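Participant: One predicted model, sequence on top.
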Amino acid sequence: MKRIANVTRQLVKTTGAARNTLEQTRLFHNLGWEVHVFGEFVNKNNIKESGGIPHKIFTLPLSNYKRRLQFAKSTGKKLEKGNFDLIFGHGEIFDQDVLFLHNCVHLANELVKGRPLPEDHPVGQIHKKILTEQKFKLVVCNSDLMKKDLAQRYSIPESKLVTIHPGFSPEQFNLNKAEQLRDQFRSEQNLTDEVLIGLITSGNFEKRNVDVFIQACAHLPTDLKNKCKFLVVGKGPDNGWDRKLVNELNESDRFIFIEPIPQIEKIYHGVDIQVLPAKWEEFGRVVPEGMTCKNPVIVSHQVGSSDLLEGESRDLILNPVTAESLTQKLLSLIENEDLRHRIGEINRTTAAKYSEEEQGKKLKATLLEYGLID
């Protein structure tokens, strides 16, 4: 039986890297491989349920960078002794066959903060070492935006870069209970027939341009605003500047702020229009998840999942990313229910190409093409 090592430091929280690791574990387990999953913070039950064998790497309570460095070195020693046929890394180790990168921390800081990432940034230091030394055979990027940045910033040959978008679970995100979940969510939020416009994210409101969303909604004509409610999903900043901005614009009665919920599909079904005007987003799983729930999605050109949009839906890509341009996109959808439904149908059809199963097939085909599996 062939053996694969899959390494992600954080396997407790539902990060993109953790979800990808478990998806890959299920894929290779189903292909008959013995999958060993290494991490510092691990949920052993989740790994076992995905068909993997968990390995916890113990580290000392050092500074962030030193702890990450210790994890990389300790895991590297175990991998050397493990006689693995294939090694997957997720931006945490220095030597691997396939690197799955989930964040462009240097580009993100430049676009969000407007300045270079500090030299002592812990993730930045690790990523710089990995991408400069290039001890890998292949880098799987989660978007074409990431692929372009890695090629330019680190002179990685095009032959070593491939884009495979993260998949989504059709078991969780589908139309089977769409009407029931929509009614349930809207009832919980005391909504009736309002057009609900939602920005759905995990947090980091600065990166996701929540202030631009708030301003764009406030700029709508009063008669249209009276027909709408605006939803922000995510863990907001501690100083509450988002709510302060809403109050300053006298829009507090129209905005709803909630934190993410486990049954996130209920929110997708509850909204009529979805928005992600981020300054930068390496991928943005909320986009295909919303698409498969038939949502029209207005998305920044700096969001990696804008790659996925097809046909008329591409008219909703924001460039430039300003409150004024977002307001114009919203106007076209609020006033035209037929357009919302038409684009929603386009998105649902498009999203079916990017399920976890379909993306697993693409990964398998890519590894075969590169001679990494047979």
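Facilitator: On my side now, so go ahead.
Participant: nearest spatial neighbour of the residue nearest the centre of the chain, skipping sequence neighbours?
Facilitator: Centroid-nearest residue in the chain, with CA atoms, centre = their mean: G284, separated by 3.3 Å. Spatial nearest neighbour of G284, chain neighbours left out: S305 (4.4 Å); criterion: CB to CB, 6 or more residues apart in numbering. For glycine as for every other residue, the C-beta is placed from the backbone atoms N, C-alpha and C.
Participant: burial of the one you found, as a residue count?
Facilitator: 26 (other CB atoms under 10 Å).
Participant: so who does it touch?
Facilitator: By CB atoms under 8 Å, 6 or more residues apart in numbering, S305 lies in contact with 143, 165, 281, 283-285, 287-288, 299.
Participant: how about CSV for these, with pLDDT added?
Facilitator: Shown next, in CSV, are these (pLDDT from 0 to 100):
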residue, pLDDT
S143, 97
H165, 96
E281, 96
F283, 96
G284, 94
R285, 93
V287, 97
P288, 96
V299, 98
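Participant: State the pair within those that is farthest apart.
Facilitator: Spanning the widest gap among the contacts of S305 are H165 and V299, at 13.6 Å by CB to CB.
Participant: So which of these two has more stuff around it?
Facilitator: Shown here are H165 and V299; by other CB under 10 Å, V299 has more neighbours (29 against 23).
Participant: what's in contact with the strand or helix carrying that one?
Facilitator: In the assignment (DSSP states H and E), V299 maps to strand 297-300. Strand 297-300 is contacted by residues 209, 273-279, 281, 284, 287, 290-291, 305-306, 309, 313, 316-319, 321, 326, 329-330, 333, 347 when judged by CB under 8 Å, 6+ apart.
Participant: I'd like to know the predicted local confidence at the closest residue to Y370 other than its chain neighbours, please.
Facilitator: Using CB to CB, 6+ apart and skipping the chain neighbours, the partner closest in space to Y370 is L138 (5.6 Å). At L138, the model reports a pLDDT of 98.
Participant: do the same with N64
Facilitator: N64 is given a pLDDT of 95.
Participant: Spatially nearest residue to it (excluding sequence neighbours)?
Facilitator: P122 (4.0 Å).
Participant: For the stretch 151-300 of the chain, which segments count as strands?
Facilitator: Assigned by DSSP state E, counting those that start in this stretch, the stretch 151-300 of the chain shows strands spanning 161-163, 195-203, 228-235, 255-258, 273-276, 297-300.
Participant: and the helix or strand containing R68, what does it pack onto?
Facilitator: Element membership for R68, per DSSP H and E: helix 64-81. Under the contact criterion of 3 or more CB pairs under 8 Å, 6 or more residues apart in numbering; DSSP states H and E, helix 64-81 touches strand 3-7, strand 34-39, helix 122-133.
Participant: Name the residues of that helix that are buried.
Facilitator: 67-72, 74-76, 79 (16 or more other CB atoms under 10 Å).
Participant: And stretch 344-364, by the same measure?
Facilitator: 344, 346-348, 350-351, 354-356, 359-360, 362-363.
Participant: sorry, back to before: need the strands of the stretch 151-300 of the chain in TSV (columns: distance to K147).
Facilitator: Formatted as TSV, those follow (distance: least, CB to CB, whole Å):
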stretch	distance to K147
strand 161-163	5
strand 195-203	23
strand 228-235	27
strand 255-258	34
strand 273-276	20
strand 297-300	18
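Participant: contacting residues around the nearest residue to K235 once chain neighbours are set aside?
Facilitator: Nearest non-adjacent residue to K235, counting by CB to CB, 6+ apart: G203, 3.9 Å away. Under the criterion of CB under 8 Å, 6+ apart, the neighbours of G203 are 234-236.
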